[in-house]
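S.K.: Structural data only, the sequence is not supplied:
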Ligand code: CMC
């Protein structure tokens, strides 16, 4: 017999179905709650609210488990290419050879962006943050492909939009970097892989050959995979909620990029390095900074620590910490900030405040150290996260569409003034 939940309100009992997921996660289905009782639920930050049923990513925060379509993040990071993982997330299965070849070729053929977009870049100030430029550029793609705006678009149109977006985001990301540097644009090369092509557009010159370093390519491939999806996080929920109004994919993802930019989400990777630099410049007194993070009257938080879902460890952080050691050794880079990060982690993990609250290093704590070693400037870190997260956003948007989900529209408990009469300006105190 299937379980039900009983709620007693004003002496009357109501029954609601209990939903159980494939990994035994349980939820009370309250979709008929307001209609039958007149009540709504109140859940700031949606800490206890499931917004959808999803078959993309499974996350067990207590045990540090992360799986995409059933495959563990550890196995994917060790064995797959980023485009293979993108295919898996978006289409539900790992691609066979022909499917992967078709996908890679299709993405390869859409990497160029319209030349008019160069004029958008020219209008930005030289020090414009690349996340601001990226979000604007991705939204503007919808104006070049008006068919993407049709809510009754065909499966073929959706497919083309998806491939275009995967292809063009790295091109626009690299162009944003070139704009900041004041350097000429390097156009995409169809003979390189997804990651190699991005590296060439970032670090190459239009007039010179660019040799992709396999160590850097492989490290970046791994980093992108580790960011590829994370179920209903802030930016994915943003993409789903924007898409639920039938807004086009470009605009939905542009909103996701804006959500990711915040320092409590993807922007934490930039904030971590800035924090570590400040600690270094301040003399490296860990205890002082830990005390600041614990002080409720101080707005400082230990960036790269804590997670809404992981309360034991973040499996991505473990992989990245190991990768950071390997990459720095392979590239012969000696970054004192890595030692500082390790010392800070050690001190924090012994501190009662962090232990009690289940605050551990998250994916952003060590990723910036690898990006630095790869030559990527701090302001581009969150852009790297966005390139990695793109397949996840697309998969979440596509699933929402295929499920025929209703427009996202939360309720509220109104706490403002009750009805009162308008007061003429001369009579106001
Ligand atoms: N430093 C100091 N105290 C913290 C921190 C931190 N980094 N994170 C949480 N706490 C405390 C918080 O003050 C609260 O204490 P109390 O119970 O005494 O009020 C308790 O821990 C629970 O924190 P919360 O803010 O209620 O937890 P949340 O689930 O709302 O927030 C978080 C999660 C990730 C926003 C938060 O841990 C944080 O701000 N971390 C720093 C920013 C960061 O690294 N973000 C990257 C997240 S991982 C990448 C991604 O976005 O996917």
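M.R.: Yes, it's here. Just so it is clear, the model here is predicted, and its values are computed rather than measured.
S.K.: So for the longest helix along the chain, what gets flagged as buried?
M.R.: Ranked by residue count and defined by DSSP state H, the top helix of the chain is helix 155-181. Using 16 or more other C-beta atoms under 10 Å as the test for burial, helix 155-181 gives 158, 160-180. Placement of C-beta: from N, CA and C, glycine included.
S.K.: of those, list those near the ligand.
M.R.: The subset of these within reach of the ligand, by C-beta under 6 Å from any ligand atom, is empty.
S.K.: returning to that earlier point: chain center to the longest helix of the chain, what's the gap?
M.R.: Here the centre of helix 155-181 is set off from its chain's centre by 16 Å, with C-alpha atoms, centre = their mean, to the nearest Å.
S.K.: And the residue of the protein closest to the ligand?
M.R.: residue 306 (2.3 Å; C-beta to the nearest ligand atom).
S.K.: what sits against that residue?
M.R.: Residue 306 makes contacts with 357, 358, 359, 360, 362, as judged by C-beta atoms under 8 Å, 6 or more residues apart in numbering.
S.K.: ok, the third one touching residue 308?
M.R.: It refers to residue 359. No - with contacts counted by C-beta atoms under 8 Å, residue 359 stays clear of residue 308, the gap being 11.5 Å.
S.K.: one step back: would you mind writing the PyMOL command to select the buried ones in the contacts of residue 306?
M.R.: Selection of buried members from the contacts of residue 306 for PyMOL, criterion 16+ other C-beta under 10 Å:
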select buried, resi 359+360+362
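S.K.: Need the contact partners of stretch 33-50.
M.R.: With C-beta under 8 Å, 6+ apart as the criterion, stretch 33-50 contacts 7, 9, 12, 14, 16, 27, 30, 232, 237, 308, 411, 413.
S.K.: Which positions within it qualify as buried?
M.R.: Residues of stretch 33-50 classed as buried: residue 33 (neighbour count, 16+ other C-beta under 10 Å).
S.K.: Figure out how far the helix or strand just after the longest helix of the chain is from the centre of its chain.
M.R.: Using DSSP states H and E, the helix or strand that follows helix 155-181 in sequence is helix 194-203. Distance of helix 194-203 from its chain centroid, counting by C-alpha atoms, centre = their mean, is 20 Å.
S.K.: could you check the angle helix 155-181 makes with helix 194-203?
M.R.: Orientation check (axes from the mean of the first three to the mean of the last three C-alpha atoms, to 10 degrees): helix 194-203 against helix 155-181 gives 30 degrees.
S.K.: other SSEs contacting helix 194-203?
M.R.: Applying 3 or more C-beta pairs under 8 Å, 6 or more residues apart in numbering; DSSP states H and E, one finds that helix 194-203 contacts helix 82-91, helix 155-181, helix 214-226.
S.K.: how far off helix 214-226 does the longest one point, in degrees?
M.R.: Pointing back at helix 155-181 there. Going by the same axes, to 10 degrees, helix 155-181 makes 130 degrees with helix 214-226.
S.K.: Counting by contacts, list what helix 155-181 packs against.
M.R.: helix 82-91, helix 97-108, helix 117-123, helix 130-144, helix 194-203, helix 249-261, helix 381-402.
S.K.: Dump those helices to CSV, plus distance to the ligand.
M.R.: As requested, those are exported to CSV (distance: least, C-beta to the nearest ligand atom, whole Å):
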stretch, distance to the ligand
helix 82-91, 16
helix 97-108, 25
helix 117-123, 27
helix 130-144, 14
helix 194-203, 21
helix 249-261, 8
helix 381-402, 8
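S.K.: and residue 76, which of the ones you listed is closest to it?
M.R.: helix 82-91 (5.5 Å; C-beta to C-beta).
S.K.: Who are the contact partners of residue 258?
M.R.: Counted by C-beta under 8 Å, 6+ apart, residue 258 has contacts 131, 135, 238.
S.K.: so can I have TSV of those residues showing pLDDT, neighbour count and distance to residue 404?
M.R.: Shown next, in TSV, are the contacts of residue 258 (pLDDT from 0 to 100; neighbours: other C-beta atoms under 10 Å; distance: C-beta to C-beta, whole Å):
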residue	pLDDT	neighbour count	distance to residue 404
131	98	25	32
135	98	21	28
238	98	23	20
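S.K.: Cheers, nothing more for now.
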